[in-house]
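Asker: Quick one, fold the following:
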Amino acid sequence: MDFLTKPIGWIINLCYKLIPNYAIALLLFAIIIKLVLFPFGIKQQKNMLKQAKLRPKEQAIRKRYAGRDDKVTRQKMQEDLMKLYQQEGYNPASGCLPMILQLVIVFAVYGVMQNPLTHVSHLSNAEINKIGVGIVEMCDQGILDEKDFSGNAWKSISEQLKKVEKKGDSTPGVTDEVTDDTTGVDTTTGDTTTGDTTAVDTTTGDTTVGDTTVGDTTVGDTTTGDITPGDTTNNETGAVTTDNIYADVKSPSMTQVELVRVIRNNFDEFKANGCLPKGFTRDDLPKIYLWGNSVDLSVTPSLAFNWYLLIPILTFVFTFGSMKLTKKFTYQSEVQQQTADAGCAGKIMDYVMPLMSTFITFSVPSIIAVYWIYNNVLSLVQQIALKYMYPVPVFTEEDYKRAEIEMNKGVKHAKKSGSGKRAAHRIDLDDDDGAEEKPKPEKKAKEDPKAGLITPGQMKDESDKESDEN
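Answerer: Predicted coordinates:
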């Protein structure tokens with residue numbers, strides 16, 4: 001990804017030259033990156049705006065199929081929705097490409113930001129690797145120890161020290177310490193180390209210094225030089241005199257941000273050991289501080305009760321707040337709203353990402369977490385700006401009714417089964433308009449079992465009959 005990291009590295013170097021403080025320069029860098037990515041944000045906002053304008057018609061289609069959850073019905077509903085999107089010129093996947101491009105650029109940004117020695121101090125990979133190997137050597141010699149490193153870095157260094165120890169044990173003629181009597185003579189005699197550099201030739205009795213023979217044992221290379229205690233390098237040849245026990249050592253796994261702190265705190269030792277390039281000074285190291293030199297942001301936060309514990313706390317607060325407010329200023333489709341309101345699943349997701357970010361801050365230097373905070377705040381500002389530049393339309397009940405009438409034109413209502421309920425397995429919206437419904441059979445009147453009987457009102461009074469005869 002050099003085609004991305006090189007221009008991004010040039011930008012971050014320019015920011016540091018303008019503001020020679022890495023923490024503040026990263027804020028300027030974050031603003032520039034947001035401005036570069038702003039056109040992609042505009043593209044996404046316009047795409048969401050198209051979807052928002054289709055909200056009434058989309059809801060009318062969903063309402064048409066409401067109450068039926070079988071596979072056939074859902075498939076028919078999706079077909080109608082895709083037909084609507086095609087007619088209106090909306091592509092649901094058109095916002096994916098800008099998002100993917102943004103992610104690629106963001107990954108490149110984090111890669112550049114974590115490597116200030118490469119992009120600010122302009123050290124090559126070979127020079128940085130040499131510094132890493134020098135760290136292992138100085139740890140082996142006791143110049144550096146565990147307190148100078150984070151837990152993950154020291155774990156990696158310990159693995160390299162085991163290689164050194166194993167090779168030292170298996171290599172003949174290698175000594176673990178140099179005596180105070182050393183004056184430039186290798187005092188190793190086979191497997192035996194002496195503290196005196198003067199040997200007597202038992203053949204002639206003359207005292208010789210150099211390639212001295214003691215019995216059948218040859219004293220090693222006694223080439224003189226200004227060798228100081230603890231220095232394992234011959235100053236004339238530059239070769240490691242302990243049979244290159246550091247030849248297989250690799251640079252330990254640690255971030256360049258942490259490497260900057262280790263070098264600054266032990267600059268003279270690194271310079272004396274020859275790990276740093278010629279002419280490299282303390283001022284060439286990036287200044288990763290806030291408020292003068294009071295807060296060193298190259299330190300990795302821990303659970304210890306100190307100011308660095310605020311970094312994970314602020315990371316959680318800003319990440320959680322940014323997510324909640326961004327949702328408020330971003331258009332949410334009906335499906336997204338239903339998913340967000342579906343029980344506790346949506347609420348859990350609101351906490352998962354902030355908690356993951358907070359957990360990661362305990363394994364990276366504080367400056368990286370500070371950049372995350374910068375990025376969350378700027379992302380929220382960008383979303384608010386886009387909302388006012390491209391406002392989402394607000395619809396009334398009348399708009400939804402008109403859309404429902406428009407979408408249901410020429411579409412017959414579904415038939416009902418004999419039980420009076422809609423059959424869940426049938427979709428009758430595309431039935432032939434000429435189909436005639438069968439007339440319902442008329443209900444027959446129930447016959448009265450007492451029909452034909454004379455009711456009391458129909459009986460004539462006998463007294464009236466007698467009076468008529470008279």
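Asker: Okay, and the closest residue to residue 120 other than its chain neighbours sits in which element?
Answerer: Nearest non-adjacent residue to residue 120, counting by Cβ to Cβ, 6 or more residues apart in numbering: residue 286, 4.7 Å away. Backbone N, C-alpha and C define where each C-beta goes, glycine included. Counting by DSSP states H and E, no helix or strand carries residue 286.
Asker: Was I right to think residue 286 contacts residue 122?
Answerer: No. Between residue 286 and residue 122 there is no contact under Cβ atoms under 8 Å: 11.0 Å.
Asker: Same drill for those two, tell me which one is more crowded.
Answerer: residue 286 (22 against 12; other Cβ atoms under 10 Å).
Asker: List the contacts of the closest residue in space to residue 116 that isn't next to it in sequence.
Answerer: Sequence neighbours aside, residue 286 is the residue nearest to residue 116 in space, at 4.2 Å (criterion: Cβ to Cβ, 6+ apart). Residue 286 is in contact with 16, 22, 116, 117, 120, 121, 260, counting by Cβ atoms under 8 Å, 6 or more residues apart in numbering.
Asker: Please pick the buried ones from those residues.
Answerer: Buried members of the contacts of residue 286, scored by 16 or more other Cβ atoms under 10 Å, are 16, 22, 116, 117, 120, 121, 260.
Asker: Dump those to a markdown table, plus secondary structure, pLDDT and distance to residue 361.
Answerer: What follows is the buried ones among the contacts of residue 286, written out as a markdown table (DSSP: H, G, I helix; E, B strand; the rest coil; pLDDT from 0 to 100; distance: Cβ to Cβ, whole Å):
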| residue | secondary structure | pLDDT | distance to residue 361 |
| --- | --- | --- | --- |
| 16 | helix | 92 | 23 |
| 22 | helix | 91 | 17 |
| 116 | helix | 92 | 18 |
| 117 | helix | 92 | 22 |
| 120 | coil | 90 | 22 |
| 121 | coil | 91 | 25 |
| 260 | helix | 92 | 18 |
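Asker: Now tabulate the residues you listed in CSV and tack on distance to residue 300.
Answerer: Formatted as CSV, the buried ones among the contacts of residue 286 follow (distance: Cβ to Cβ, whole Å):
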residue, distance to residue 300
16, 22
22, 16
116, 16
117, 17
120, 20
121, 21
260, 13
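Asker: ok, of those, which one's closest to residue 332?
Answerer: residue 22 (38.1 Å; Cβ to Cβ).
Asker: what about the closest one, distance to residue 7?
Answerer: 19 Å (Cβ to Cβ, to the nearest Å).
Asker: One more: residue 378?
Answerer: Relative to residue 7, and taking Cβ to Cβ, residue 378 is found at 20 Å.
Asker: The two: which is more packed in?
Answerer: residue 378 (18 against 13).
Asker: what's the burial count for the nearest residue to that one once chain neighbours are set aside?
Answerer: In this structure, residue 378 finds its nearest non-sequential neighbour in residue 34, 4.8 Å apart by Cβ to Cβ, 6+ apart. Using other Cβ under 10 Å, residue 34 is surrounded by 16 other residues.
Asker: Residue 34 contacts residue 376, doesn't it?
Answerer: No. Under the criterion of Cβ under 8 Å, residue 34 makes no contact with residue 376, lying 11.3 Å away.
Asker: which SS state does residue 49 fall under?
Answerer: Using DSSP: H, G, I helix; E, B strand; the rest coil, the structure places residue 49 in helix.
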